[in-house]
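Q: output the structure for:
(one chain, ligands or ions: 1)
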Amino acid sequence: MLRERLAARIRRSGPLRIDEYMRLCLHDPDEGYYATRPDLGAAGDFVTAPLVSQMFGELLGLWAAQVWLSIGAPTRVSLIELGPGLGVMMSDVLRAARRAPGFLDAAEIWLMETSAPLRARQAEALAGLAAPRWAADLQATPQDVPAIVLANEFLDCLPIRQAVRTAEGWREQVVALAADGGLAFALGPPPPAGRALPDTPVGLVAEWSDEVEAAGAAIGERVRRTGGAALMIDYGRDAPGPGDTLQALRRHRKECPLARPGEADLTAHVDFPAFLTTARSAGASARITTQARFLEAMGVRTRAAALARARPDRAAAIGRQLERLIAPGEMGVLFKVAAVSAPGLVPPGFEGQS
Ligand SMILES: C[S@@+](CC[C@H](N)C(=O)[O-])C[C@H]1O[C@@H](n2cnc3c(N)ncnc32)[C@H](O)[C@@H]1O
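A: Now for the predicted structure:
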């Protein structure tokens, strides 16, 4: 079992940093959660917005088509999804985007996905709709065409590091062995010199993610250079601050991240301020809003009303899906939408934001 292999590795080479632990739990080729047993959906471990309602992906499809029109309807554009899960969102995106004549002829569909079982599900979901290609990273997609990038609940899977404020200063949090041989959190060496951490009271945890920051830089650089825009939707904070947000999700319940390595999804709240900063440093414009404000601006209420008119028998269920997506106590406020765009382009849904 992965837990035993991790314990043996810690005995051999010392404690693991949190990002190392997350990477192994999620992507270990033999026992990682995404590599071997991702289980998305109502009957699985967790439900995401595209699985709540088709409205979510449809509005993203309209967003993508509007971005394409606003950059002059180029004859080639890369439509890229990061972490596409079951492929449901991209299929809704493509169905809605048909309404913009010419867009789907111009769009080459690229999926960035590490999980082999999920790549198979994506191929199935998109069969007959598109001929997607898979890429390991943005560099592997064509570099001479504009990019429209979409991602829902991708950044929260990227490994984070954690540090704990002690009376003597910051110490990195690590995964070590407890006296009984099980996995336990422990204090490791000081965090890397130069890593700015918030000024917090003793005992609090601060987090950062080199991979989230690298994603901001790569996406920012890409849309600045080739034109286009990216939309990153996820739960996370929109202001810097401390807090331990590492969590494991299994069968819709949160559990201790050390409880069942490889058997649960491991995530952390996205540090959007850091993501936006690296995107801006790469020369792009970057904006953020809540999922509720974004979906409202994109016309989610009108879309829900149209769906309910077409299927009066499903009106109550559609109303509940709408609530789930936009109510403040549900996904509306915890989930944020970050847009990264070529300078001068204000993406749909962000009008009025500088
Ligand atoms: C929480 S799921 C979200 C799936 C989908 N976007 C949705 O909203 O239903 C995370 C997705 O990101 C993928 N993923 C995780 N880490 C990744 C990485 N480093 N590179 C590419 N894909 C990754 C997972 O395999 C999965 O498809």
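
Q: if I pick the residue of the stretch 251-354 of the chain found nearest the ligand, what's in contact with it?
A: Going by Cβ to the nearest ligand atom, the ligand is nearest to Asp265 of the stretch 251-354 of the chain, at 6.3 Å. (Each C-beta comes from the backbone N, C-alpha and C, glycine too.) Contact analysis of Asp265 by Cβ atoms under 8 Å, 6 or more residues apart in numbering lists Leu26, Tyr33, Tyr34, Pro38, Asp45, Phe46, Cys157, Ala248, Leu249, Arg250.

Q: can you tell me the element the residue lying closest to Gln54 once chain neighbours are set aside falls in?
A: In space, and not counting its chain neighbours, Gln54 is closest to Asp92: 5.0 Å by Cβ to Cβ, 6 or more residues apart in numbering. Element membership for Asp92 (DSSP states H and E) is helix 88-97.

Q: which helices and strands sit right next to that helix?
A: Where contact means 3 or more Cβ pairs under 8 Å, 6 or more residues apart in numbering; DSSP states H and E, helix 88-97 is packed against helix 49-52, helix 54-70, strand 77-82, helix 103-106, strand 107-112, helix 116-126, strand 147-152.

Q: now the fifth one - C-alpha only, PDB.
A: Output in PDB follows, covering the C-alpha atoms of strand 107-112 (Å, rounded to 0.1, in the frame of the first residue of the first chain):
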ATOM      1  CA  ALA A 107     -10.600  25.900 -32.700                       C
ATOM      2  CA  GLU A 108      -8.100  23.100 -32.100                       C
ATOM      3  CA  ILE A 109      -8.900  21.300 -28.900                       C
ATOM      4  CA  TRP A 110      -6.100  20.600 -26.500                       C
ATOM      5  CA  LEU A 111      -6.400  18.800 -23.200                       C
ATOM      6  CA  MET A 112      -3.800  18.800 -20.500                       C
END
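
Q: list the buried residues in it.
A: Of all the residues in strand 107-112, those buried under the rule 16 or more other Cβ atoms under 10 Å are Ala107, Glu108, Ile109, Trp110, Leu111, Met112.

Q: mind listing what's buried along stretch 250-270?
A: 250, 257-258, 260-270.

Q: could you do stretch 274-282 as well?
A: Within stretch 274-282, the residues that count as buried by 16+ other Cβ under 10 Å are Ala274, Phe275, Leu276, Thr277, Thr278, Ala279, Arg280, Ala282.

Q: which residue, other than its chain neighbours, is closest to the fifth one?
A: In space, Thr278 comes closest to Gly216 once its chain neighbours are excluded; the distance is 3.5 Å by Cβ to Cβ, 6+ apart.

Q: by contact count, what packs against the helix or strand the one you found falls within?
A: Counting by DSSP H and E, the element that carries Gly216 is helix 210-226. If contacts are counted by 3+ Cβ pairs under 8 Å, 6+ apart, helix 210-226 sits against strand 147-152, strand 228-237, helix 272-281, strand 335-341.

Q: show me what the first one is in contact with.
A: Think strand 147-152. Residues outside strand 147-152 that contact it (Cβ under 8 Å, 6+ apart) are 48-50, 56, 60, 64, 67-68, 77-83, 85, 89-90, 93, 107, 138, 141, 219, 222-223, 226-234, 340.

Q: anything in that strand near the ligand?
A: Yes - Strand 147-152 comes into contact with the ligand (Cβ under 6 Å from any ligand atom), by way of Asn152.

Q: got the contact list for the next helix or strand after that strand?
A: Per DSSP H and E, strand 147-152 leads on to strand 161-166 as the next helix or strand towards the C-terminus. Outside strand 161-166, the residues that touch it by Cβ under 8 Å, 6+ apart are 17-19, 170-173, 187, 191, 195, 197, 200-210, 242, 244, 246.

Q: can you list contacts of the helix or strand encompassing Arg324?
A: Element membership for Arg324, per DSSP H and E: helix 315-326. Applying Cβ under 8 Å, 6+ apart, the external contacts of helix 315-326 come out as 49, 52-53, 55-56, 291-292, 295-296, 300-301, 304, 307-308, 311, 330-332.

Q: among these, which ones are buried?
A: 49, 52-53, 55-56, 291-292, 295-296, 300, 304, 307-308, 330-332.

Q: which members of these define the maximum pairwise distance?
A: With Cβ to Cβ as the measure, no two of the buried ones among the contacts of helix 315-326 lie farther apart than Gln291 and Ala308, at 20.5 Å.

Q: returning to that earlier point: give the contact list for the residue nearest to Gln54.
A: Pro50, Gln54, Phe56, Gly57, Glu58, Leu60, Gly61.

Q: filter these down to the ones close to the ligand.
A: Pro50.

Q: switch the contacts of Asp92 over to a markdown table; also include pLDDT and distance to Pro117.
A: Below are the contacts of Asp92 laid out as a markdown table (pLDDT from 0 to 100; distance: Cβ to Cβ, whole Å):
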| residue | pLDDT | distance to Pro117 |
| --- | --- | --- |
| Pro50 | 98 | 18 |
| Gln54 | 97 | 23 |
| Phe56 | 98 | 23 |
| Gly57 | 98 | 21 |
| Glu58 | 98 | 26 |
| Leu60 | 98 | 24 |
| Gly61 | 98 | 25 |
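
Q: Gly216 and Phe275 touch, don't they?
A: Yes - with contact defined as Cβ atoms under 8 Å, Gly216 counts as touching Phe275 (4.1 Å).

Q: what residues are shared contacts of those two?
A: The contact lists of Gly216 and Phe275 share Ala286, where a contact means Cβ under 8 Å, 6+ apart.

Q: the ligand contacts on the stretch 101-250 of the chain?
A: So far as Cβ under 6 Å from any ligand atom goes, the stretch 101-250 of the chain lies against the ligand at Met112, Glu113, Thr114, Ser115, Leu118, Asn152, Glu153, Phe154, Cys157.
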